[in-house]
Every structure is written in structure tokens, then in C-alpha cells.
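Peer 1: just a sequence and a predicted model for now, questions to come.
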Amino acid sequence: MVTLIQNIIQEKRDKNVPTLTEDVADVLLNDTSEELTDELISDNMIDLMIPGEDSVPVLITLAIKYLSDCPAALQQLTEENLKLKRLKEKQGETLVWSDYLSLPFTQNVISETLRMGNIIIGVMRKAVKDVEIKGYLIPKGWCTLTYFRSVHLDDNHYDFPYQFNPWRWQDTNNCNFTPFGGGQRLCPGLDLARLEASIFLHHFTTQFRWVAEEDSIINFPTVRMKKGMPVWIKRREQ
């Protein structure tokens, strides 16, 4: 992958057209600060591709999987989005930011999907000083892995944690819910990820019906569907 990206960068440099901007690579190459080396540009491009492939697409795939296995949740989510669609059609308007915030059950489905299928399984941190947590000493210089899935699937925090239950979020504001990290390192893409998933679910459920083939979720080393979650779809009759 690194070699491929470096070849793309070199090809663009060989064209010697610094003002042409067709993609992210061009934007980075046109930087005039002289701080972005080819290596840094390559790293930035790879960093952009990873979340584009392994974050929201996986979230959407898992949501379709869980909804396929839970007809009651699918029905409620579809009815919520059909209601919004008919309203927007009546008003002759397109979707806006406030519409994303007006779909509470859709957000509950996304939250439950994130809890059960945490895309980022954990984060690594290095102790800059001796730290004691609940009687355990983490010496300075040691690296630790905070494993989110162990928290999200802990029955001390969630009733029946292995059961897909988006209704649990109706009256819950759980401080143990950390799919986007927390504190100063809270993922800046939090709202963008939810927005993209919401838009996809809105259009997919209001325009199509589908039947999912049997598939299973693999949780290690990353979360993914064993077969890629194949589905048979047909357009919904208006």
C-alpha cells in the first residue's frame, strides 16, 4: 500500500502541474509550507483511506445485519424515516442537518450497533508516570490497551449485553459508552459518522426492501462480516 501511494505521488510530481487540484493528494502536494514531505503526504492519504473503508462502511453493514435479525427494530426505524420522507416531500424540501437530529430511534439503532460491533476495538496509551487504577499499578513507560468491547459487552453496565436492543437507549445516557473514545482524544468524526450512517439508513429503508443471506460477525482482529453481508434488494413500492 505504501509503495502504491508513493508511486501515485511521484507520478503527480512528474506531471509538474502544481495548480491542478483533482483529489486530496493534489491538495497536499500543492501545500507551500514545505513541511509536508512525500512520506507525510503518503501517511495522510493512508490515514484517510482507513476510516473510509473500516469505519462508517462497517457500521452501516453491521446495522443492516442487526436490523435484518430484528424485524421489530427495522419496522420502527422504517416508519420513522418514512414519516420524515413524506413530510419533506410535502414541503418540497431536501434533508437538512436538523432532520438528522429528528430521528431518535435511528440514532438509538446506530448507538446499539456501535456498542455491539465497536469498530475501533480499543486504544493504546503509554503511561508518562506511575499510575494506580483500582489497586493496579501501571509503571511509567508501560503501554496499556483499553479494550472497548469488554466494557460495551459487560453485563455490569448493560442488561443482556449480547442482545441487540436499540430501545435500551431511550432513557439511557451511559458513561461507559465509548465507541469514539473520550476526553481530549474524542474522535472528531463522531457526528460525521452518525450523520453518514443516518443518511444511508434513511434512503435505504425508505426506498428499498431487502432479504439478507445468512452471515456471521467476526470480531478479531477487526470487526467485519465473514461473507461481506450479501443482501437481495428490491425497490419499495410507493
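Peer 2: Yep, it's here.

Peer 1: please list the outside residues in contact with the longest helix anywhere in the chain.
Peer 2: Using DSSP state H to assign secondary structure, the helix with the most residues in the chain is helix 71-91. Outside helix 71-91, the residues within contact range by Cβ atoms under 8 Å, 6 or more residues apart in numbering are 66-68, 94-95, 99, 102-106, 109, 164, 166, 201-202, 205-206. In this view, the C-beta of every residue, glycine as well, is placed from N, C-alpha and C.

Peer 1: give me the buried subset of those.
Peer 2: Buried subset of the contacts of helix 71-91 (neighbour count, 16 or more other Cβ atoms under 10 Å): 66-68, 99, 103, 105-106, 109, 164, 166, 201-202, 205-206.

Peer 1: one step back: now do the buried residues in whichever helix or strand comes after the longest helix of the chain.
Peer 2: Going down the chain from helix 71-91, the next helix or strand is helix 97-101, by DSSP states H and E. Applying a neighbour-count criterion of 16+ other Cβ under 10 Å, the buried positions in helix 97-101 are D99, Y100.

Peer 1: how distant is helix 97-101 from the center of its chain?
Peer 2: 18 Å (Cα atoms, centre = their mean, to the nearest Å).

Peer 1: where along this protein do the helices fall?
Peer 2: Assigned by DSSP H, the helices in the chain fall at 2-15, 24-29, 38-54, 56-68, 71-91, 97-101, 104-116, 148-152, 190-207.

Peer 1: output the longest one as CSV, nothing but the C-alphas.
Peer 2: Think helix 71-91. Listed next in CSV are the C-alpha coordinates belonging to helix 71-91 (Å, rounded to 0.1, in the frame of the first residue of the first chain):
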residue,chain,number,x,y,z
PRO,A,71,-37.9,-7.1,12.5
ALA,A,72,-39.4,-5.0,15.2
ALA,A,73,-36.5,-2.6,15.2
LEU,A,74,-36.5,-2.5,11.4
GLN,A,75,-40.2,-1.7,11.3
GLN,A,76,-39.9,1.1,13.8
LEU,A,77,-36.9,2.6,12.1
THR,A,78,-38.6,2.4,8.7
GLU,A,79,-41.7,4.0,9.9
GLU,A,80,-39.8,6.9,11.5
ASN,A,81,-37.9,7.5,8.3
LEU,A,82,-40.9,7.2,6.0
LYS,A,83,-42.7,9.8,8.1
LEU,A,84,-39.8,12.2,7.6
LYS,A,85,-39.6,11.4,3.9
ARG,A,86,-43.3,12.1,3.4
LEU,A,87,-43.0,15.4,5.3
LYS,A,88,-40.0,16.6,3.2
GLU,A,89,-41.9,15.7,0.0
LYS,A,90,-44.9,17.6,1.1
GLN,A,91,-42.8,20.6,1.9
